[in-house]
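[1] Provide a 3D model corresponding to the input given below.
(one chain, ligands or ions: 1)
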Amino acid sequence: MGMEEETLAADGSAHYRLRCGPEHEGGPGVAHGGWISGVFVEIVGHLAVQMEQLAVTGALSVTYRKPVPINRPLTARAWLAGKDGGKWTVEGSIHLASSGTELAHATALLVEREMSHYTRAREWLGREEAGSDGTA
Ligand SMILES: CCCCCCCCCCCC(=O)SCCNC(=O)CCNC(=O)[C@H](O)C(C)(C)COP(=O)(O)OP(=O)(O)OC[C@H]1O[C@@H](n2cnc3c(N)ncnc32)[C@H](O)[C@@H]1OP(=O)(O)O
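    Below is the predicted model:
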């Protein structure tokens, strides 16, 4: 996703240096919104990994404040905004490195999982492709 450097702050927030390459251009000189969302999925999910908790993104809301330029140094941050049992609210932001201006912001709901999440997903897919999701 164009990550170049990651550092963890004492308060638990994660900080990144990154840039959007031309392969993710969505308009002349600017990033595709899917790349921006993908960056957020990665950095909010990685925050949980750093806290040694597997969690998947259940919901992600992105506000695109300004076009994100390609081929420019950017910074990003992710931080835990709240926790309710196994549900985490994680926020993220992407900034123009030169000015610090926020270009995009995200709020994500992460749901804690065990590794069996992926086994169950494969089992669910098997049932789904066999014509039943097992709930009937
Ligand atoms: C080293 C390098 C590594 C590098 C690693 C880099 C990190 C990258 C990480 C990438 C992570 C991803 O891309 S994840 C990929 C995208 N996401 C996914 O594939 C997830 C697909 N969705 C799911 O599997 C499911 O919908 C879940 C697990 C999200 C939720 O399933 P569930 O059956 O509802 O689970 P359950 O345990 O009952 O729910 C827990 C609680 O969350 C609530 N909840 C669940 N979904 C939502 C929702 N969208 N909005 C509101 N609330 C929700 C439920 O109501 C419940 O509340 P209460 O009753 O408890 O109050």
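[2] if I look at the nearest residue to Tyr64 once chain neighbours are set aside, how far off is Gly29?
    In space, and not counting its chain neighbours, Tyr64 is closest to Ala104: 5.3 Å by Cβ to Cβ, 6 or more residues apart in numbering. To be clear about C-beta, it is placed using only N, CA and C from the backbone, and glycine gets the same treatment. Distance of Ala104 to Gly29, given as Cβ to Cβ, to the nearest Å: 16 Å.
[3] Then His95?
    Where Gly29 is concerned, His95 sits at a distance of 18 Å (Cβ to Cβ).
[4] Could you check which of these two is surrounded by more residues?
    His95 (19 against 13; other Cβ atoms under 10 Å).
[5] so that one touches Thr101, yeah?
    Yes: counting by Cβ atoms under 8 Å, His95 touches Thr101, with 6.2 Å between them.
[6] how far is the strand or helix carrying Tyr118 from where the chain is centred?
    Here Tyr118, judged by DSSP states H and E, is contained in helix 116-129. Remark: helix 116-129 is offset 23 Å from the chain centroid, using Cα atoms, centre = their mean, to the nearest Å.
[7] again, but for stretch 18-32
    17 Å.
[8] and what of stretch 75-94?
    10 Å.
[9] before we move on, what SS does Val41 have?
    helix (DSSP: H, G, I helix; E, B strand; the rest coil).
[10] cool, and the one 4 residues further on?
    What three-state DSSP gives for Gly45 is helix.
[11] Verify the contact between it and Leu110 for me.
    Yes: assessed by Cβ under 8 Å, Gly45 is found in contact with Leu110 at 7.0 Å.
[12] State the distance from Val90 to the ligand.
    When distance is defined by Cβ to the nearest ligand atom, to the nearest Å, Val90 is 11 Å away from the ligand.
[13] now do Asn71
    24 Å.
[14] Pull the contacting residues for that residue.
    Arg19, Cys20, Gly21, Pro22 (Cβ atoms under 8 Å, 6 or more residues apart in numbering).
[15] ok, now Tyr16?
    Tyr16 makes contact with Met3, Glu4, Glu5, Glu6, Thr7, Ile43, Thr75, Ala76, Arg77, according to Cβ under 8 Å, 6+ apart.
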